[in-house]
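Q: Give the three-dimensional model of this entry:
(one chain, ligands or ions: 1)
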Amino acid sequence: MNTNAFETYESVVRSYCRHFPKVFTEAKGAVIKDEDGQEYIDFFCGAGAVNYGHNNSYIKQKLVDYLTTDGIIHALDMYTVPKREFIETLEEKIIKPRGLNYKIQFCGPTGTNGVEAAIKLARKNTGRSNIFAFMGCFHGMTLGALSLTSEMYARNGAGASLNDVTHIPAPYMFEGLDVIAYMQTMIDDDHSAVSKPAAVVMETLQAEGGIRPFSDQFLRDVRAFCDKNDILMIVDDIQVGCCRCGTFFSFERAGIQPDMVVMSKSIGGMGMPLAIVLLKEELDKWKPGEHNGTFRGNQLSFIAGTASFEWLLENNVEAETRRKGEIVREYLTKEILSLDSRLELRGMGLIWGIDFGKIDASLTENVIEKCFERHLICECAGRNGSVLKIMPPLVIEDELLKQGLDIIAQTTKETL
Ligand SMILES: Cc1ncc(COP(=O)(O)O)c(C=O)c1O
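A: Numbering: from 1, shown residues only. Sure thing, here's the model as predicted:
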C-alpha cells in the first residue's frame with residue numbers, strides 16, 4: 001500500500017485518513033474496498049453523505065444516463081432541466097406531503113455554506129446580529145458557522161475572533177436547568193449582557209457533539225420560545241436529516257416547522273456535493289446574488305438528489321431505518337450496556353452512540369482502532385471523543401449490520 005503521495009505532499013490538516021490509513025478503491029452499499037482488495041463494513045457513511053448507500057444502483061444509473069447525453073454539468077444558478085426536476089420533486093414529494101411549506105435556496109455545495117446563508121438571512125430579516133447556539137453543537141468550519149460550532153479545537157483554528165453568538169447550555173448538561181427559562185431570562189434581563197438573537201440555530205440530535213438527541217418536547221419548547229419572542233428557529237439537518245433519524249426531516253417527530261432548515265450531505269443523493277436552505281416564503285428577503293457562489297448548480301448533484309427522493313419513497317427507507325434502529329438498540333442494550341453500568345447508549349433511527357466517557361474517554365479511540373483492524377469503519381464523537389458513533393448507510397442489510405455490531409461488541413469486551 002503506497003501512501004507516500006499523501007504523506008509527502010498533502011497538508012497535515014488531513015484527518016479521517018489517520019484513523020483509516022488504507023487507500024480505498026470501490027464501494028457498494030455498506031461495503032468499502034481498499035487497494036489490496038480487503039473489504040470493510042462502513043459504519044461511518046461519509047459522515048452522513050451516503051445515507052442511501054455507496055453507488056446506489058438506482059441513483060448511479062440516473063447519473064450515467066445523464067452523462068451519456070452531453071447534458072449540461074455546470075450552470076451557476078441558471079435554469080436547467082435537472083434543477084427543475086429537483087425542485088419539483090423535493091417540493092411535491094417530500095415537503096408538501098409533510099404539511100410543510102418552504103422555498104429553496106441553493107448555496108455553495110457544503111454544509112457550512114448553507115449555515116452561512118441561513119444565519120446571514122436571519123440577521124437580514126431581523127436586523128439583529130446575535131445568534132443562540134447550543135453547547136455541543138457542530139455547524140461547520142467557515143467563520144460564520146464556526147462561530148456557532150462549540151468545539152474549542154475547531155474554534156482555535158480560526159485565527160480570528162468568533163463573534164455574535166451566545167452559547168446556551170444544552171438540555172442534557174445541567175440536571176434541573178430549565179434551558180428555555182434560561183434563554184428567556186437572557187433576553188428579558190437588562191443586566192444579562194446578552195442581546196436578543198436573530199435566531200436559535202440547532203441540531204435536533206447533536207451528532208458531532210456525542211449523539212445527543214433533544215427530546216420532542218424540548219424541540220416544541222424552542223419553537224414556542226422563538227414564536228413568543230419573534231426569533232427565528234433554524235434547524236441544521238445536514239447530518240441527521242435525509243431519513244437518518246427515521247423520518248426525512250429529523251424534526252418531524254416533534255410536529256414542528258422550523259423557519260429555516262439547512263441540508264447538505266445526503267441531499268446530494270450519492271455523495272454528490274449539494275447544500276440547500278429551506279426557508280419560509282416571507283423570509284426570502286435576499287437581493288439577487290446577495291449570497292452567490294460558482295458551484296450552486298452542479299447538475300449531477302440535482303440528478304442524484306432527485307433520484308434519491310424517488311428511491312427513498314419507493315423503498316420505504318424511513319420505516320426501514322426505524323426498524324433497523326430497533327435492531328441496533330436491542331443489540332447494544334443486550335451486548336454492550338450489560339458489560340459495564342457506566343456505559344451509556346444514545347440514539348435513534350440509524351445514528352447511535354456508545355459513550356465510554358464515564359469509564360475513560362480514551363477507550364473509544366482504542367475500540368475504533370481495533371474495529372478497523374477487524375474491518376469495521378466507525379468514528380468517534382463528543383466531548384474528548386468519548387463516544388463511538390454508529391452510523392451505517394440506511395440500506396445496510398440486516399446480516400451486515402449484525403456483523404458490524406458483533407465486531408463492536410467483541411472489541412468493546414476485550415478493551416474493557
Ligand atoms: C450538523 C452539521 N452541520 C454542518 C456541517 C458542515 O458540513 P460541511 O462539512 O459539508 O461543511 C456538518 C458536517 O459534519 C454537520 O454535521
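Q: is residue 104 in a bridge, and if so with what?
A: Residue 104 forms beta bridges with residue 278, as assigned by DSSP bridges.
Q: Run a quick check on residue 391 versus residue 41, I expect a contact.
A: No. Residue 391 lies out of contact with residue 41 (Cβ atoms under 8 Å); the separation is 12.0 Å. Where C-beta positions appear, they are placed from N, C-alpha and C, glycine not excepted.
Q: If you count contacts, what does the helix or strand containing residue 369 end up packed against?
A: Element membership for residue 369 (DSSP states H and E) is helix 362-373. Using 3 or more Cβ pairs under 8 Å, 6 or more residues apart in numbering; DSSP states H and E, the elements in contact with helix 362-373 are helix 16-19, strand 379-381, strand 387-390, helix 398-415.
Q: residues touching the residue of the chain found nearest the ligand, list them.
A: Taking Cβ to the nearest ligand atom as the measure, the chain has residue 111 as its residue closest to the ligand, at 2.3 Å. For residue 111, the contacting residues are 139-140, 236, 238-239, 262, 264-265, 275, by Cβ atoms under 8 Å, 6 or more residues apart in numbering.
Q: quick one on the thing from earlier: of residue 391 and residue 41, which one has the most company?
A: residue 391 (27 against 23; other Cβ atoms under 10 Å).
Q: Phi first, then psi, for that one.
A: Per-residue torsions, residue 391: phi -150, psi 70 (degrees, to the nearest 10).
Q: For the stretch 101-250 of the chain, what lies in contact range of the ligand?
A: By Cβ under 6 Å from any ligand atom, the residues of the stretch 101-250 of the chain that approach the ligand are 110-112, 115, 138-140, 203, 207-208, 236, 238-239.
Q: at 8 Å instead, please
A: Residues of the stretch 101-250 of the chain found near the ligand (Cβ under 8 Å from any ligand atom) are 110-115, 137-142, 145, 203, 207-208, 236-240.
Q: ok, and what's touching the helix or strand containing residue 145?
A: Under the criterion of DSSP H and E, residue 145 resides in helix 143-148. The contact list for helix 143-148, computed with Cβ under 8 Å, 6+ apart, reads 112, 115-116, 119-120, 131, 133, 137, 139-140, 154-155, 158, 160, 162-165, 201.
Q: go again using 7 Å as the cut-off
A: Helix 143-148 has contacts (Cβ atoms under 7 Å, 6 or more residues apart in numbering) with 112, 115-116, 119, 131, 133, 137, 139-140, 154-155, 158, 160, 162-165, 201.
Q: Just the buried ones from those residues?
A: Among those, the ones that count as buried by 16 or more other Cβ atoms under 10 Å are 112, 115-116, 119, 131, 133, 137, 139-140, 154, 164-165, 201.
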